[in-house]
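**Student:** Sequence below, structure please.
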Amino acid sequence: MSKLKRQKHILPALLVIGVSIGVVTLAMIPMFRLNKVSGALLTSNPIPAVIATKNSLDGRGVQIKAPEGISMLFIGDMMFGREVAHRMQLNRDPAYPFRKMPTDWISQFDFAIGNLEGPVTTERHAPEKSIDFIFQPNIIPVLKSEGFDGVSQANNHSFDQGRIGHEDSMKRLKDAGLIAFGEQVKDGEEALAFADIQGKRFAFLGFNTTDNPLDREAAAAVIKQAKADSDFVIVMIHWGVEYHDTPEPSVIATAHWLIDEGADMIIGGHPHWEQGISVYKNKPIAWSLGNFIFDQDWSVKTREGLALGVTIYNKKITMELFPLSIVRSQPEILTEDGRKKRLESIAEVSDATLREQISNGKIVVNQ
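**Tutor:** The predicted structure is shown next:
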């Protein structure tokens, strides 16, 4: 075969190969993302879409059509002292704990809230405790920039720097524009805050029963006030025994009493393990969301957590479960097999009637 003829055969073949490579390359681009720290390319698994967001984006930033309703995000215990603070300082990055979360994922929700496990203040005060948390004020702009709208301070560490430290923390949080509510001891008006979200008024109540019993008289009065002045009442409560995956009978009795008094939904924390989900009188109860940002690296269960996306529309509550893995105080949303296995484990400790829905990652409750 002459040189000219060989060229005529070779050139079309090279063209076909080049086009094919280009198509494959373009098809592979969505499978990769940049590592925020190093700039290296990493394979990326899709994160389940949030139910409804003001920006109509899913967890990867992909445009979607959001259904009607108010979307909320609830996350578990956040602790920014001790080894978490050391890791932030070591990386010279006050936003270090959030670096494995998708960019702008929290801010997509109409309202995002979590339990802040200690005071934000600058000075240590009595009493001295073996576990004594204090968070530096530079964490407040980080919470704001990540998309948080509110925090509960109703937990067993809110008075770690005394009442003076708690009061300073509440002032700093509120001055920054965050909804802040609850304390360690009192269960009256200190527990209550309101938020207007997409034309609806929500009441948030924070209670702590880990180191003192619930003052039912005060709690009943403030729930009644919340019910009268809002469209929806959400209780965020610190309760139960640490390192258990199911609630104790006393915790279940408290939850039922709160709903009987007027709560529309209950979000629990403190055990440092995620627990199951129940429904009582068509009102959802998430017994414990576990950790979100912590330094309890010493066990598998304390390095797991659960974020809960909630959409409220008319009389329907849709809850979407986002299991988390926490590595060196950095939560990351699980996908694919990891997500499936964790959902199945949560389903096992939840109401039998909800297990199939939980295994699929979404619960619908008609009130």
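**Student:** Going by C-alpha atoms from here, please, whenever you check contacts or count neighbours.
**Tutor:** OK.
**Student:** how distant is stretch 137-152 from the center of its chain?
**Tutor:** Averaging C-alpha positions (C-alpha atoms, centre = their mean, to the nearest Å) puts stretch 137-152 13 Å from its chain's average.
**Student:** Start the count at 33 instead of 1 going forward.
**Tutor:** Got it, the first residue is 33 from now on, which makes the last one we talked about stretch 169-184.
**Student:** pLDDT score for the residue nearest the centre of the chain?
**Tutor:** Ranked by distance to the mean C-alpha position of the chain (C-alpha atoms, centre = their mean), the top residue is Ile107 at 2.1 Å. Per-residue pLDDT puts Ile107 at 97.
**Student:** any idea which element it lies in?
**Tutor:** Remark: Ile107 resides in strand 102-110, with elements defined by DSSP states H and E.
**Student:** go on, Arg195?
**Tutor:** helix 194-207.
**Student:** Check which element follows that helix along the chain.
**Tutor:** Downstream of helix 194-207 (by DSSP H and E), the next one is strand 211-213.
**Student:** which secondary structure elements does that next one contact?
**Tutor:** Strand 211-213 is packed against strand 182-184, helix 194-207, strand 224-229, strand 232-240, with contacts defined by 3 or more C-alpha pairs under 8 Å, 6 or more residues apart in numbering; DSSP states H and E.
**Student:** repeat that for 10 Å
**Tutor:** With contacts taken as 3 or more C-alpha pairs under 10 Å, 6 or more residues apart in numbering; DSSP states H and E, strand 211-213 sits against strand 143-148, strand 182-184, helix 194-207, strand 224-229, strand 232-240.
**Student:** wait, which of those is closest to Ala285?
**Tutor:** strand 232-240 (14.9 Å; C-alpha to C-alpha).
**Student:** Tell me what angle that closest one forms with strand 102-110.
**Tutor:** Between strand 232-240 and strand 102-110, the angle comes out at 20 degrees (axes from the mean of the first three to the mean of the last three C-alpha atoms, to 10 degrees).
**Student:** helices or strands up against the next helix or strand after strand 232-240?
**Tutor:** With elements assigned by DSSP H and E, the helix or strand that comes after strand 232-240 is helix 248-260. Secondary-structure packing of helix 248-260 (3+ C-alpha pairs under 10 Å, 6+ apart): strand 224-229, strand 232-240, strand 264-270, helix 281-293.
**Student:** got the CA coordinates for helix 248-260 in PDB?
**Tutor:** Output in PDB follows, covering the C-alpha atoms of helix 248-260 (Å, rounded to 0.1, in the frame of the first residue of the first chain):
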ATOM      1  CA  ARG A 248     -43.000  20.400  84.600                       C
ATOM      2  CA  GLU A 249     -45.000  23.300  85.900                       C
ATOM      3  CA  ALA A 250     -42.700  25.900  84.300                       C
ATOM      4  CA  ALA A 251     -42.400  23.800  81.100                       C
ATOM      5  CA  ALA A 252     -46.100  23.400  80.800                       C
ATOM      6  CA  ALA A 253     -46.600  27.100  81.100                       C
ATOM      7  CA  VAL A 254     -44.000  28.000  78.500                       C
ATOM      8  CA  ILE A 255     -45.300  25.400  76.100                       C
ATOM      9  CA  LYS A 256     -48.800  26.900  76.400                       C
ATOM     10  CA  GLN A 257     -47.300  30.300  75.700                       C
ATOM     11  CA  ALA A 258     -45.400  29.000  72.700                       C
ATOM     12  CA  LYS A 259     -48.600  27.200  71.400                       C
ATOM     13  CA  ALA A 260     -50.600  30.400  71.600                       C
END
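**Student:** chain center to it: distance?
**Tutor:** 26 Å.
**Student:** Figure out which of the helices and strands packed on helix 248-260 is closest to Asn188.
**Tutor:** strand 232-240 (6.8 Å).
**Student:** Could you list the low-confidence segments of the stretch 83-232 of the chain?
**Tutor:** Across the stretch 83-232 of the chain, the ranges flagged by pLDDT under 70 are 83-99.
**Student:** Apply 90 and report the result again.
**Tutor:** Along the stretch 83-232 of the chain, the model assigns pLDDT under 90 to residues 83-100, 159-162.
**Student:** mind listing what's buried in stretch 195-214?
**Tutor:** 195-205, 210-214 (16 or more other C-alpha atoms under 10 Å).
**Student:** again with stretch 378-398
**Tutor:** Quick answer for stretch 378-398 (16+ other C-alpha under 10 Å): 378-382, 386-388, 390-391, 393-396.
**Student:** His189 against Ile166, yeah?
**Tutor:** Yes. Between His189 and Ile166 there is a contact under C-alpha atoms under 10 Å: 9.1 Å.
**Student:** Comparing those two, which residue is more hemmed in?
**Tutor:** Taking other C-alpha atoms under 10 Å, His189 and Ile166 do not tie; Ile166 has more neighbours (26 against 23).
**Student:** shouldn't that one be in contact with Glu160?
**Tutor:** No. Counting by C-alpha under 10 Å, Ile166 stays clear of Glu160, with 11.8 Å between them.
**Student:** can you list residues touching both of the two?
**Tutor:** Residues touching both Ile166 and Glu160 (C-alpha atoms under 10 Å, 6 or more residues apart in numbering): 192-193.
**Student:** Tabulate the helices and strands packed on helix 248-260 (JSON lines), appending distance to Leu122 and mean neighbour count.
**Tutor:** Shown next, in JSON lines, are those (distance: least, C-alpha to C-alpha, whole Å; neighbours: other C-alpha atoms under 10 Å):
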{"stretch": "strand 224-229", "distance to Leu122": "36", "mean neighbour count": "16"}
{"stretch": "strand 232-240", "distance to Leu122": "33", "mean neighbour count": "24"}
{"stretch": "strand 264-270", "distance to Leu122": "31", "mean neighbour count": "24"}
{"stretch": "helix 281-293", "distance to Leu122": "39", "mean neighbour count": "16"}
